[in-house]
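Novice: Generate a structure from the sequence data that follows.
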Amino acid sequence: VMTVKEVADHLDLDWKTVKNIDKFFLEAQYGTPNFDGLRLLAVDEIAIRKGHRYLTVILDYESGRVIWIGQKRKARTLKKFFSLLTKGQKNKLEAIAMDMWDPYIKAVKEKVPHVKIVFDLFHVVNQFSRVIDKVRNSEYRKASKEQKEIFKGAKYLLLKNTVRRSKERSQLAELLKLNEVLNTVYILKDQLKHLWSYQSRTWATKALDHWCALARSLQNKAVTQFVKTLERYSYGLINHCDYPLHTSVLEGVNNKIKVIKRKAYGFHDLRYFSLKIYQAFAN
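Specialist: So this is what the prediction gives:
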């Protein structure tokens, strides 16, 4: 519960002594990872410092246990994790949830090609939200002076999941009525989320093809580029029918890790930091 500094002050000890004692016992309890019984995984990265410094975090999807932490978010990071597994442990793996990050995908396909990759709804919709913002900006530049007044403050209305306030609803309705492109993009955003509700691979594939066709009809550069990305990674969307996984569980993990980091004012000893994370998520 207490920080290293608080314990050191309370016992009148040097903080390094307290940290080393804590680390010694953490190594004894959590230093040897347990990879038995793994079937479904989730992988994500967390930022540990400014300047794109990351850790790769792997979660046992079924138990919620953080099973491994590696430095950086490269293909070799994830390959290192898979190299720690026995052949039997690898064979028992069935699916892994992640975002559309090529280095992770490369590692999975190379080391455990039988494992189904499942792309997370949150990350895909988040990417499309950035596309919506580009469309809004391009349509704003085309609009007349009177129309631009309606556009003002509309950025977050288009990105919100639910618009509750009547003033915001009327502005959104006016904006969508005014601009056909934005209206279509708004419909696409809702339909995109719906793709993760299918349980049949056949119907999910048909819905995805329909979505891509509708998106292409806009003939907008940013939207078309997103369609190409979605088609390239379509296997990970369709795999959700067989394994309805998502990385939202990792969002909670990331938030808890941020609290651990903040309490310690950052960790210069990454091994100690990792052990504290294993402790926090031990069953």
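Novice: Determine the longest helix present in this structure.
Specialist: Taking DSSP state H as the criterion, the chain has its longest helix at helix 121-142.
Novice: Buried ones in that helix, by neighbour count?
Specialist: Neighbour counts over helix 121-142 (16 or more other CB atoms under 10 Å) mark 121-125, 128, 131-132, 134-136, 139-140 as buried. Where C-beta positions appear, they are placed from N, C-alpha and C, glycine not excepted.
Novice: Can you pull out the low-pLDDT segments for the stretch 1-150 of the chain?
Specialist: For the stretch 1-150 of the chain, applying pLDDT under 70 flags the ranges 50-52, 139-150.
Novice: which residues in it form strands?
Specialist: Using DSSP state E, counting those that start in this stretch, the strands of the stretch 1-150 of the chain run over residues 40-49, 53-60, 65-71, 95-98, 116-119.
Novice: Relative to the second one, what are the paired strands and their orientations?
Specialist: Translated: strand 53-60. strand 40-49 (antiparallel), strand 65-71 (antiparallel) (DSSP bridges).
Novice: same check, this time on the last one
Specialist: When sheet partners are counted by DSSP bridges, strand 116-119 sits next to strand 95-98 (parallel).
Novice: got the contact list for the strand it pairs with?
Specialist: Outside strand 95-98, the residues within contact range by CB atoms under 8 Å, 6 or more residues apart in numbering are 39-44, 61, 104-105, 108, 115-120, 239, 242-243, 245-247.
Novice: repeat that with 7 Å
Specialist: Contacts with strand 95-98, where a contact means CB atoms under 7 Å, 6 or more residues apart in numbering, come from 40-43, 61, 104, 108, 115-120, 239, 243, 245-247.
Novice: Without its sequence neighbours, what residue ends up closest to Thr86?
Specialist: Distances taken as CB to CB, 6 or more residues apart in numbering put Phe35 closest to Thr86, at 7.8 Å, once the chain neighbours are dropped.
Novice: wait, I meant Asp44
Specialist: Distance criterion CB to CB, 6+ apart; nearest residue to Asp44, sequence neighbours excluded, is Leu250 at 4.2 Å.
Novice: And Met2, by the same measure?
Specialist: Distance criterion CB to CB, 6+ apart; nearest residue to Met2, sequence neighbours excluded, is His10 at 7.3 Å.
Novice: That neighbour and Lys134, how far apart?
Specialist: 54 Å (CB to CB, to the nearest Å).
Novice: what does His210 give?
Specialist: Going from His210 to Lys134 by CB to CB gives 23 Å.
Novice: that older thread, name the nearest of the buried residues of helix 121-142 relative to Lys80.
Specialist: Set against Lys80, the nearest of these by CB to CB is His123 (23.0 Å).
Novice: you'd agree that closest one is up against Asp99?
Specialist: Yes. Between His123 and Asp99 a contact is recorded at 3.7 Å, counting by CB atoms under 7 Å.
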